[in-house]
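In: okay, here's the prediction I keep looking at, along with the sequence it came from:
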Amino acid sequence: MAFEEGPQTLSLKVYIDKEKNRVVMAEADGDFVDILLSFLTMPMGTIVRLLNKQPQPVTIGSLTTLYKWVEQELEEQFLQTEACKSMLLHPRNPNEKVCSKLKLNIDDKEPTKYYICADWNCSRGICNGGSGRFYSTFKTVRCSCGKMMDKETCMEKLDHEAAGSVGDGGVFVCGTTKFMVTDDLQVKSISPATIVTLLYKVGIKDERSLQETTLNIGSEEILNLLKRSLFSKTPLTDVFLRKQGFTSEALNFEIADAVQSKSSGITSFTFPEYMCMKLMMSSPG
């Protein structure tokens, strides 16, 4: 019988303040920190898609509504090209090759494929005035000659350049370094000084009062961590300690220089150097 490898997991050591029911810090290696840093490379469309696929979908403000409109209602006749819809719903991560080396990669998007014109002359760059081959990451794009770029090719040079930008033993950070990750995802090199400073900051006088626990975390926990990091100031506690359902905090913002016309009920917002936008508003009563 062939051995089937189980889901990939990571080991994470967390220190819990039992009195206040919170995670004070996690002791992590480069693999976990690499995953946290990969959140910064994700296009917003990817984040919306991943969180919307969870058993309990998360609404990220109006971005989720916008995504669903593009997915379900936006017709291709209103788009510049057929590929635009795929670009919007499945945006490319420019660091895709780098992130493919993560121990836990939560982006389930298919690897990028490259397409060239089916015309052999175009494929060799002859029709482009000798300027080289044109390629696309979408199969529904037309070449400058008018033909579809639907011939799949291997871009070994591009793949090698992307993968070669990362050193051995890690993705973004050195894989052998130990880090301290606080509850609000501050990351620092772990040392007695940084630990003492943190404990003093959170009001813990004796580190022996902390409970040390080692956790095995997988893709589900990483997705939850991504979700919590968008709305919470205590994502480690929320994911690894508290078991309540997800509730997003209201996003408060202020918009200055809003001028409302009392007669028309229209409010104009002026964004310097960009555009003027008018909103229809209903008055109470």
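Out: Cool, got the structure. These figures come from a predicted structure and were not determined experimentally.
In: what lines up beside the helix or strand Lys188 falls within in the sheet?
Out: Per DSSP states H and E: Lys188 is located in strand 187-189. Strand 187-189 has its sheet partners listed here by DSSP bridges as strand 179-182 (antiparallel).
In: give the rounded mean pLDDT of the strand it pairs with.
Out: For strand 179-182, the mean pLDDT works out to 96.
In: what do you get for stretch 108-118?
Out: The average pLDDT within stretch 108-118 is 75.
In: buried residues in that stretch?
Out: 114-117 (16 or more other Cβ atoms under 10 Å). Backbone N, C-alpha and C define where each C-beta goes, glycine included.
In: so, low pLDDT: which residues of the chain?
Out: 1-7, 123-133, 135, 155-169, 175, 242-279, 283-285 (pLDDT under 70).
In: leaving out chain neighbours, which residue sits closest to the residue most central in space within it?
Out: Centroid-nearest residue in the chain, with Cα atoms, centre = their mean: Met42, separated by 3.1 Å. Excluding the flanking residues, the one nearest Met42 by Cβ to Cβ, 6 or more residues apart in numbering is Asn93, at 6.3 Å.
In: ranges for the helices of the stretch 151-285 of the chain?
Out: Along the stretch 151-285 of the chain, the segments classed as helices by DSSP state H, counting those that start in this stretch run 156-164, 192-202, 219-231, 235-240.
In: Pro43 and Ser136, how far apart?
Out: Look at Pro43 and Ser136: by Cβ to Cβ, to the nearest Å, they are 18 Å apart.
In: what's the answer for Thr112, then?
Out: The gap separating Thr112 from Ser136 is 11 Å, by Cβ to Cβ.
In: do Lys113 as well
Out: Per Cβ to Cβ, Lys113 is found 10 Å from Ser136.
In: same question, Cys84
Out: Per Cβ to Cβ, Cys84 is found 13 Å from Ser136.
In: try Thr64
Out: Taken as Cβ to Cβ, the span from Thr64 to Ser136 is 29 Å.
In: also Asp150?
Out: 9 Å.
In: intersection of neighbour lists for those two?
Out: Tyr115 (Cβ atoms under 8 Å, 6 or more residues apart in numbering).
In: leaving out sequence neighbours, find the closest residue to Lys113.
Out: In space, and not counting its chain neighbours, Lys113 is closest to Glu152: 5.8 Å by Cβ to Cβ, 6+ apart.
In: sorry, that was for Thr64
Out: Nearest residue to Thr64 in three dimensions, chain neighbours excluded: Val48, at 5.7 Å (Cβ to Cβ, 6+ apart).
In: same deal with Asp31?
Out: Lys103 (4.4 Å).
In: that neighbour and Asp238, how far apart?
Out: Distance of Lys103 to Asp238, computed by Cβ to Cβ: 22 Å.
In: quick one: which of those two has more around it?
Out: More neighbours surround Asp238 than the other of Lys103 and Asp238, with 22 against 16 (other Cβ atoms under 10 Å).
In: so who does that one touch?
Out: Asp238 makes contact with 224, 228, 232, according to Cβ under 8 Å, 6+ apart.
In: try it again at 7 Å.
Out: Residues in contact with Asp238 (Cβ atoms under 7 Å, 6 or more residues apart in numbering) are 228, 232.
In: ditto for Asp183
Out: Contacts of Asp183 were listed using Cβ under 7 Å, 6+ apart, and they are 22-24, 234, 236-237.
In: from the residues you listed, keep the buried residues only.
Out: Taking 16+ other Cβ under 10 Å as the criterion, what is buried in the contacts of Asp183 is 22-24, 234, 236-237.
In: nearest to Glu207 among those residues?
Out: Checking these against Glu207 with Cβ to Cβ, the nearest one is Val24 at 9.2 Å.
In: ok, that closest one to Ser232 distance?
Out: For Val24, the distance to Ser232 - Cβ to Cβ - is 16 Å.
In: same question, Glu96
Out: Glu96 is 27 Å from Ser232, by Cβ to Cβ.
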